[in-house]
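Visitor: give me coordinates for this.
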Amino acid sequence: MAFFVNTPIEHISRIDRRIVPALKRLGIKTVRDLLFHFPSRYDDFSNEKDIAGVFPGETVTVRGVIEKISVHRTFRKRMALTEAVVRDETGKIKVVWFNQPFLAKNLKEGFLVRLSGKVAKGPGGVYLQNPSYERVGERAIHPVRSQPRRDVGADDALVYPVRDEISNGVGRTSNGIHTGGLVAVYPETQGITSRWLRYLVSNFIKLRQNLADPIPLDILKRNNLPWLSEALFLIHFPKTKEEARAAERRFVFEDLLMIQLRALQERSRLKEKRAPEIPLDIPLVKKFVTSLPFALTDAQRRSLWEIANDLVKPSPMNRLLEGDVGSGKTVVAAAAALLTVKAGYRAVFMAPTEILARQHFATLGKLLKPFSMSLGFRTGTEKRATDSDVVVGTHALIQKGISFENLGLVVVDEQHRFGVDQRAHLVKTVGTVKSDSNGSNKRSDRTALTSEAIPHFLSMSATPIPRTLALSIYGDLDLSILDEMPKSRKPVATEIVEPAKRESTYQFIREEVKKGRQVFVICPRIETPSTNNESVTNIRMSELQKRIWEVKAVKEEYQKLSTNIFPDLKVAMLHGKMPAKSHTAFRRVRRNAQALGGKSKEEVMKDFRDGKIDILVSTSVVEVGVDIPNASVMMIEGAERFGLAQLHQFRGRVGRGAEQSYCFLFPTEDGAASRRLRAVRDAKSGFELAEKDLEIRGPGNMFGVEQSGFSQHALKGIMDAELVRAVRREAIELLRADPGLRNNSTLAQRIKEMESEVHWE
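Guide: Sure, this is the predicted structure:
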C-alpha cells in the first residue's frame, strides 16, 4: 500500500490498531499529524566516550558488545532489574534497566550496541543507569514483519521500522535515532513513548518531500529560513543544536505569519462592514469629565480619544482596552456608552460573571446618573428593563431569542473569558442598526431593523499583557492601554510571609480590622491527583472532586481563623457550592449550605460590602471582583500554587480606597520565597509583572494562553519582538500585493486549517 501524508493512521498496516487511540490522544490522526508532532526538547547524547573514560555524574554515549544479560527481581520491591555487562576495547561497564524485562529478549549476548545515559556509582562501582539503547551492525538489523514480534516488550512490540537507514541527503541514519548526538523527546501519553514516536517518524519522514511549502520562496530567502522539507527533517533529527534552532525558528515564523495574515484579513473584512457613525460630541465629553469626583489620568484621556475617534468612523470599531486592576477602564467605557446613547443608539455591557455584571451595573449607574439615561440588567435569574439605553448582563444577553434594536456599542469585560462562538454570536445577532432613507445610521425609532450594519465592539481586559504578546494574539484588534493608575491610589504593599512571621502578621491584620478595615483571605488552589483512566465520567468526577476539596479547604481555613486565630472578629466564608442568589429554585442548595445560615453568595458579598463582615474567606474560583474600598488586606494562603496573573488579580481587590493596603503571600509550610513570588512582591505594575511572567514561564503558561490553540513554537516566538516585527512586515506586504492570497493557494489553505485549530478569543 502506498502511503500519503493525509493517510489516516488506522489505515497503515505497520501501525498496530492497539496504539491508534493513544496516538489520537496526542492529536496524531494522519501521517501529516505525525510529522508535525514536534519534539518538546532534546536529550544531548553527543558526549561519546570509551568505557574506560567515563566517570560518575556525566551523561555519555558508549559503544560495545554485550557480554552477558539477565533479568531478576529485587527482594523488597519485586522490581524487575535487567542487568548487562558491555565491553569495548578499553574495558567493561555494568548496565542496569528498571522494569524493562523484555530487553533481555531484544538484546542478546554478542550484540553490538550503543548506549546513552547517565553514569552512576554503586557498591560494585560505576554503571550506566537506565540508558537509551540501540543495536548497531548487522545483528541489529531486522526484516520487516507482517505481524508483531511476540518476543519483545511494550517498548517495541507495536511498531515495525521499514528500514534501518533514514536518508535525508546528509547521511543521518537510524543509528542515531535513540542514542548519540541530539535525541528528540516528544510530548507523550499513556501507551506512547518518545522511543515509539521516533520509530514512527523515522518510517514516514521521507513523505515530507510531498508537502508543499506554504511560505513563498522569496520570504524564506529574505529571512534566512530553511524550506519545509529540510526543516521537518532537522527538527526531528538534528545533528547540532544550531540545526534544531534553525528548524524551530522556521516553524515559529510560519505560525506567526499565519496568525498575522488571519488578523490582518479579519481587520480588512471588518472595515468593509458598516457601523453607526457616532459623532464626537466634545462638550458632552467635557461635561462627563467634570462630573467625575476624580481627575482622569493621561492614559484614560488618550484611550477615550482613541475610542471616540473610532466611533466616528463608518466601519466597526474592534478595540481592546487593556489596563491594570483599578486603572479606570469602566470610566472610559462609560464615556463611550454616553456618546453612543446621546447619538440615538443603545449600548450593551457584558461580563463573565453575575457578580462582575452587578459591579458594572452599580458603577455605570453612578457615572451616568447626571445624564438622564436608563439602565437595564439581565442575567440567567434576573431581567430588568432590557429595553433601556444601556443594558448590563452576563452571557444571558446572547441567549437564543434575545436581540437589541439599534445597537451601537458592545462592551465585553474580560473578553478572553468568552468563547469564539459567543463573541461571534454577540456581534452578528444580538442587535442591528437601522439605516434611514438617506443611508445614515442614526436611529429614528426602535422597530425597523436591517442587517446592513453591525455595532462597534470594545473589549476590556484587566490582565496586563506585554505589547509583543498582545500584538501577536490580538493582531486584529486596535489596542488602547491604560498604563497609569489614578494618582489617589497608593501602591499595595506586598510581603512574602515565611512561617516564622505568620503570628506577627496575624496580629498586624487584627490591628487593621480594629482600625475599621476589612480583609480578604484566598484559600490555596487544590491540585487533583492525576488519573490513568481517561473516560469522560472519571474526568468529570475529578472536576467535581476538585470543587469539593476546594470547598473543604475554605471550610477548614474558616474554622481555623474564626475559632483559633480571630475568635474576636466577624469571619465569614464564600465558596462555589453556595447558591449565587436567593431564589426559590435554590432552596435545596441553600439547605445544604449550612455555613452562614444558608446565605447566598450575593447575600454574603452584600454583608461584606456593608461592613457586617471583618474577614471573608473565599476559594480562588469565586469571582470576588466587587469594589470594596474599605478592604485593605489581601491574605493569600499557598501563594506559590497560583499563577502570577491570578496573584496580581487578587492583589487588585484591595488598594481601592485612600488608605494604605497590604497583600500578604503565605507560602505552604515547606514553601519558599520563589522567584515568582518575589516577582509579584517587587513588580510596580501589572505590565511589569507580565514581562516577568513572560521571562520566567514563557508565554505558553501566561494568562491561560496555553489554551489558545497556538503551537508552543508560536508562543515561544512571541518573546522575540524583532521576529514579530519581521513577520508583520512580511504579512502586510503579502496582502498588499495579493489581498485575497489567490496567488498563494497553499498559504491560504494553511490559514484555513489554522482557523479550525486556534481559539481566537
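Visitor: quick one: contacts for the residue nearest to S70 when sequence neighbours are not counted?
Guide: Distances taken as C-beta to C-beta, 6 or more residues apart in numbering place E83 nearest to S70, at 5.9 Å, with adjacent residues excluded. All C-beta atoms are positioned from the backbone trio N, CA, C, and that covers glycine. If you count contacts by C-beta atoms under 8 Å, 6 or more residues apart in numbering, E83 has them with 69-72, 94-97.
Visitor: one more pass at 10 Å, please.
Guide: Residues counted as contacts of E83 (C-beta atoms under 10 Å, 6 or more residues apart in numbering) are 68-72, 94-97, 103-104, 127.
Visitor: for the helix or strand E511 falls within, packing partners?
Guide: E511 is part of helix 502-514 when elements are defined by DSSP states H and E. Judged by 3 or more C-beta pairs under 10 Å, 6 or more residues apart in numbering; DSSP states H and E, helix 502-514 is in contact with strand 518-522, strand 615-618, strand 631-637, strand 662-666.
Visitor: just say which of those is most tucked in.
Guide: Using mean count of other C-beta atoms under 10 Å, the stretch among the helices and strands packed on helix 502-514 with the largest mean neighbour count is strand 615-618, at a mean of 26.
Visitor: can I get the helices and strands packed on helix 502-514 in CSV including distance to W227 and mean pLDDT?
Guide: Formatted as CSV, the helices and strands packed on helix 502-514 follow (distance: least, C-beta to C-beta, whole Å; pLDDT from 0 to 100):
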stretch, distance to W227, mean pLDDT
strand 518-522, 51, 93
strand 615-618, 54, 92
strand 631-637, 50, 93
strand 662-666, 50, 94
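Visitor: are we agreed that the residue nearest to S70 is in a strand?
Guide: Yes. Judged by DSSP: H, G, I helix; E, B strand; the rest coil, E83 forms part of a strand.
Visitor: measure it to D389 for me?
Guide: E83 sits 81 Å away from D389, going by C-beta to C-beta, to the nearest Å.
Visitor: which outside residues touch the helix holding E511?
Guide: 495, 497-498, 501, 517-519, 521, 561, 564-566, 568-570, 614-615, 631-633, 635, 659-662, 664, 666, 669.
Visitor: quick one on the thing from earlier: turn the helices and strands packed on helix 502-514 into JSON lines, including distance to K366.
Guide: Putting those into JSON lines (distance: least, C-beta to C-beta, whole Å) gives the following:
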{"stretch": "strand 518-522", "distance to K366": "21"}
{"stretch": "strand 615-618", "distance to K366": "23"}
{"stretch": "strand 631-637", "distance to K366": "19"}
{"stretch": "strand 662-666", "distance to K366": "27"}
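Visitor: between those strands, which gets nearest to R728?
Guide: strand 662-666 (37.4 Å; C-beta to C-beta).
Visitor: any idea of the angle the helix or strand just after the closest one forms with strand 631-637?
Guide: Per DSSP H and E, the first helix or strand lying C-terminal to strand 662-666 is helix 675-682. For helix 675-682 against strand 631-637, the angle by axes from the mean of the first three to the mean of the last three C-alpha atoms, to 10 degrees is 170 degrees.
Visitor: now the helix holding E511 and strand 662-666, what's the angle there?
Guide: Inter-element angle recorded for helix 502-514 and strand 662-666: 150 degrees (by the same axes, to 10 degrees).
Visitor: buried residues in helix 502-514, which are they?
Guide: For helix 502-514, the neighbour count (16 or more other C-beta atoms under 10 Å) marks 505-506, 509-510, 512-513 as buried.
Visitor: longest helix of the protein?
Guide: Scanning the chain for the helix with the most residues, using DSSP state H, yields helix 241-271.
Visitor: in that helix, what's buried?
Guide: 243-244, 246-265, 267, 270.
Visitor: output the lowest mean pLDDT helix or strand found in the chain.
Guide: For the chain, scoring each helix and strand by mean pLDDT, DSSP states H and E identifies helix 587-592 as the least confident one, at a mean of 45.
Visitor: after that one, next one along is what?
Guide: helix 601-609.
Visitor: and that following helix, what does it pack onto?
Guide: Packed against helix 601-609, as judged by 3+ C-beta pairs under 10 Å, 6+ apart, are the following elements: helix 354-368, strand 518-522, strand 571-574, strand 615-618.
Visitor: now the ones you listed in JSON lines, with distance to N203?
Guide: Shown next, in JSON lines, are those (distance: least, C-beta to C-beta, whole Å):
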{"stretch": "helix 354-368", "distance to N203": "53"}
{"stretch": "strand 518-522", "distance to N203": "51"}
{"stretch": "strand 571-574", "distance to N203": "56"}
{"stretch": "strand 615-618", "distance to N203": "54"}
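Visitor: T30 - how many residues pack around it?
Guide: T30 is flanked by 17 other residues according to other C-beta atoms under 10 Å.
Visitor: that one contacts N6, doesn't it?
Guide: Yes. When contacts are counted by C-beta atoms under 10 Å, T30 is listed as touching N6 (5.3 Å).
Visitor: shared neighbours of those two, anything?
Guide: Both T30 and N6 lack any common contacting residue under the criterion C-beta under 10 Å, 6+ apart.
Visitor: before we move on, the earlier item: give me the pLDDT for the residue nearest to S70.
Guide: Among the per-residue scores, E83 holds a pLDDT of 92.
Visitor: so how far is R76 from it?
Guide: From E83 across to R76, the span is 17 Å (C-beta to C-beta).
Visitor: what does V289 give?
Guide: For V289, the distance to R76 - C-beta to C-beta - is 77 Å.
Visitor: so for these two, which sits in the more crowded spot?
Guide: V289 (15 against 6).
Visitor: the more buried one: what secondary structure?
Guide: V289 - assigned by three-state DSSP - is helix.
Visitor: in space, what's closest to it - neighbours in sequence excluded?
Guide: Closest to V289 by C-beta to C-beta, 6+ apart is L296, at 6.1 Å.
Visitor: for that neighbour, helix, strand, or coil?
Guide: Per three-state DSSP, the secondary structure class of L296 is coil.
Visitor: pull the number of nearby residues for it.
Guide: Neighbours of L296 (other C-beta under 10 Å): 19.
Visitor: for the stretch 251-400 of the chain, which spans come out with low pLDDT?
Guide: For the stretch 251-400 of the chain, the stretches with pLDDT under 70 are 400.
Visitor: okay, and the beta partners of the residue nearest to P455 when sequence neighbours are not counted?
Guide: Nearest non-adjacent residue to P455, counting by C-beta to C-beta, 6+ apart: L407, 4.6 Å away. Beta-bridge pairing for L407 (DSSP bridges): R346.
Visitor: distance from the centroid: which residue in this structure tops it?
Guide: E89 (52.5 Å; C-alpha atoms, centre = their mean).
Visitor: check contacts around that one.
Guide: 50-52, 63-64.
Visitor: now the lengthiest strand in the chain: buried residues?
Guide: Ordering each strand of the chain by length in residues (DSSP state E) puts strand 59-73 first. Buried residues in strand 59-73, defined by neighbour count with 16+ other C-beta under 10 Å: 59-66, 69, 71.
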